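J.: fold the following and give me the result.
(one chain, ligands or ions: 1)
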Amino acid sequence: MIKPIIMGNWKLNGSKKFIRNILLPLNQFLIKYYNICTVIIAPPILYSNFITQTLKNIQNNFFLGAQNVDIHFSGPFTGEISPIMLKDIGISYVIVGHSERRLYHQETNEIIAKKFKILKEENLVPILCIGETKEEKIFNKTKEICKKQIDVIFNLCGESAFNNTIIAYEPIWAIGSHNSGSPKEVQSICHFIRNYIKSKSNQILKNFFIQYGGSVTKNNAKTLIYQKDIDGFLIGGASLQVEEFMKIIEISNM
Ligand SMILES: O=C[C@H](O)COP(=O)(O)O
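T.: Predicted coordinates:
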């Protein structure tokens, strides 16, 4: 069995107090899971330094991630953060293509592919979010949408694009909805995604993982993580509650 990769995406939430309350106990808790589980937290990026200072002895299985990156390495791009800067402050994993970025910041598949590419050039691990809207699901277009979101990456980055990467399958209708979709249904899409990526990769795919995201809680984590093609979770709301998040980590390692 592979080590589950559990990521908390804090989105636009957090404060110094919140970090102390959540991350100090979480860091301690992770001692138990040394070497059997990878946990990543993506806070608002400006807190990264405060987090490393506060935690001091950060566990080896605990990483900081970022929620976004720019498509440039440097230059006159006000308000942006480059992959070089992320690497410089010790970030290893970066979310790209989250549906909230696609929706509220007009990020197209093409922009997302550029972000994916620049991260790979800096040897950072992109976590590419893909998934369909409710309407697309109703019209049975889930696979078509996922394919499209994947193809644009292959087109820009070549056949080895998905080595050392993660795809987070996040159906948009499931995000923050208290409805994760049935584990069987999620498994079947994750299986499709893995096979599709394998079929388009020119060589044996190395270090490629699939996370599921969308209303993951301690109540549904167990049946979801038991699915063959779900290697971990990308968690929003439940990552903001320390007890709940720790329970999900515990369940994912049973
Ligand atoms: O990045 C995380 C996802 O958007 C899932 O959010 P959620 O767990 O609150 O549904």
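
J.: and stretch 163-177, end to end?
T.: Taking C-alpha to C-alpha, to the nearest Å as the measure, stretch 163-177 stretches 32 Å from start to finish.

J.: ok, is it in contact with the ligand or not?
T.: Yes - under the criterion of C-beta under 6 Å from any ligand atom, the ligand is reached by stretch 163-177 at 170, 175-176. (C-beta placed from N, C-alpha, C; glycine too.)

J.: compare those and tell me which has the most neighbours.
T.: When the residues of stretch 163-177 next to the ligand are compared by neighbour count (other C-beta atoms under 10 Å), Glu170 ends up highest, at 24 neighbours.

J.: now it: how far from Val39?
T.: Distance, Glu170 to Val39, using C-beta to C-beta, to the nearest Å: 18 Å.

J.: please, where are all the helices along the stretch 51-200 of the chain?
T.: With DSSP state H, counting those that start in this stretch as the criterion, the stretch 51-200 of the chain has helices at 83-88, 99-104, 109-121, 134-138, 142-157, 183-200.

J.: which strands or helices does the fourth one pack on?
T.: If I follow you right, that is helix 134-138. With contacts defined as 3 or more C-beta pairs under 8 Å, 6 or more residues apart in numbering; DSSP states H and E, helix 134-138 has these neighbours: helix 142-157.

J.: go through the helix it packs on and flag the buried ones.
T.: Within helix 142-157, the residues that count as buried by 16 or more other C-beta atoms under 10 Å are 142, 145-147, 149-150, 152-154, 157.

J.: could you do stretch 176-193 as well?
T.: Buried, per 16+ other C-beta under 10 Å, within stretch 176-193: 180-181, 183, 186-187, 189-190, 192-193.

J.: which of these lies closest to the ligand?
T.: Nearest to the ligand among the buried residues of stretch 176-193: Ser180, at 7.9 Å, using C-beta to the nearest ligand atom.

J.: where's that closest one relative to Leu86, distance?
T.: 30 Å.

J.: stretch 56-69 near the ligand at all?
T.: No - for stretch 56-69, no contact with the ligand is found by C-beta under 6 Å from any ligand atom; the gap never falls below 8.4 Å.

J.: go through that stretch and flag the buried ones.
T.: Residues 58-59, 61-69 are the ones in stretch 56-69 that count as buried (16+ other C-beta under 10 Å).

J.: same check on stretch 24-41?
T.: In stretch 24-41, counting by 16+ other C-beta under 10 Å, buried: 26-27, 29-30, 33, 37-41.

J.: restricting to C-alpha, output it in CSV.
T.: What follows is stretch 24-41, C-alpha atoms only, in CSV (Å, rounded to 0.1, in the frame of the first residue of the first chain):
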residue,chain,number,x,y,z
LEU,A,24,1.3,22.7,17.2
PRO,A,25,-1.0,19.8,18.1
LEU,A,26,-1.0,18.5,14.5
ASN,A,27,2.8,18.5,14.4
GLN,A,28,3.0,16.5,17.6
PHE,A,29,0.3,14.1,16.4
LEU,A,30,2.3,13.3,13.3
ILE,A,31,5.2,11.8,15.3
LYS,A,32,2.9,8.6,15.4
TYR,A,33,2.7,8.6,11.6
TYR,A,34,6.4,9.0,10.9
ASN,A,35,7.1,7.4,7.5
ILE,A,36,3.6,6.0,6.9
CYS,A,37,1.8,9.1,5.8
THR,A,38,2.5,12.4,4.1
VAL,A,39,0.7,15.5,5.4
ILE,A,40,0.7,18.8,3.6
ILE,A,41,-0.8,22.1,4.7
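
J.: closest point of the stretch 101-250 of the chain to the ligand, which residue?
T.: Closest residue of the stretch 101-250 of the chain to the ligand, C-beta to the nearest ligand atom: Gly236 (2.4 Å).
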